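A.B. asks: below is the structure, and that's it, no one-letter string:
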């Protein structure tokens, strides 16, 4: 196991609602990234947080937002949920500033279903 | 723009067979990183290997080996003497430091490996 935890494991929401997903990074890691994985697809990069600031974003609309806390844990918020938001949301942590900066360790994911 | 192609959608083998998973990438950068991840049915992505663009040396780790060839932009993964526990979806991924986002991984669509007895 990587030491990256995510909650909740599963979630069912209705279109138009808002959702918050949580991630605790591996001990000692300072960077958190979020990915969306639709069924049968590879993960797609949403954004990355470093030192509590967004540091890079993929092709996702502003209704996808996030936070990183001083303890490096993170939240992903999605507003105005759409049916296409149904996916596995993966959180990954890494230690930026070292030779292993590019090695990311993933959590088990949160399965979001929007009905 | 960066792109990763895994042309094999699904592969089925019998236990103890060798199997190679193909990965072809596209990038304009001279410095980049390539990865392989395993995703078992539980959903968690398991890190297998990282290779930087300046290191073309092939690597072996137990039954796993990786063949990196810059001339063909390929980073193939071979499992020797496959086992049922190897059954999973395998993803190849690319990271480009020049994007300014160290941990942005571009993934391929994955190859589902099914190993049967």
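C.D. replies: Received, thanks. The structure presented is a predicted model; accordingly, all values stated were derived computationally and were not measured.
A.B. asks: contacts and neighbour counts: CA atoms only from here.
C.D. replies: Will do.
A.B. asks: I'd like to know how far the closest residue to residue A:93 other than its chain neighbours sits from residue A:52.
C.D. replies: Nearest residue to residue A:93, sequence neighbours excluded (C-alpha to C-alpha, 6 or more residues apart in numbering or on different chains): residue A:32, at 4.5 Å. Relative to residue A:52, residue A:32 is positioned 9 Å away (C-alpha to C-alpha, to the nearest Å).
A.B. asks: give me the element the residue nearest the centre of chain A is part of.
C.D. replies: Central residue of chain A (C-alpha atoms, centre = their mean): residue A:34, 2.8 Å from the mean position. Residue A:34 is located in strand A:31-37, with elements delineated by DSSP states H and E.
A.B. asks: which strands or helices does that strand pack on?
C.D. replies: The contact analysis (3 or more C-alpha pairs under 8 Å, 6 or more residues apart in numbering or on different chains; DSSP states H and E) places strand A:31-37 against strand A:44-50, strand A:87-94.
A.B. asks: can you add mean neighbour count and mean pLDDT and give those back as TSV?
C.D. replies: What follows is the helices and strands packed on strand A:31-37, written out as TSV (neighbours: other C-alpha atoms under 10 Å in any protein chain shown; pLDDT from 0 to 100):
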stretch	mean neighbour count	mean pLDDT
strand A:44-50	23	93
strand A:87-94	26	94
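A.B. asks: turn those into JSON lines, columns for distance to residue B:89.
C.D. replies: Conversion of these to JSON lines gives the following (distance: least, C-alpha to C-alpha, whole Å):
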{"stretch": "strand A:44-50", "distance to residue B:89": "16"}
{"stretch": "strand A:87-94", "distance to residue B:89": "14"}
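A.B. asks: many thanks, I have nothing further to ask.
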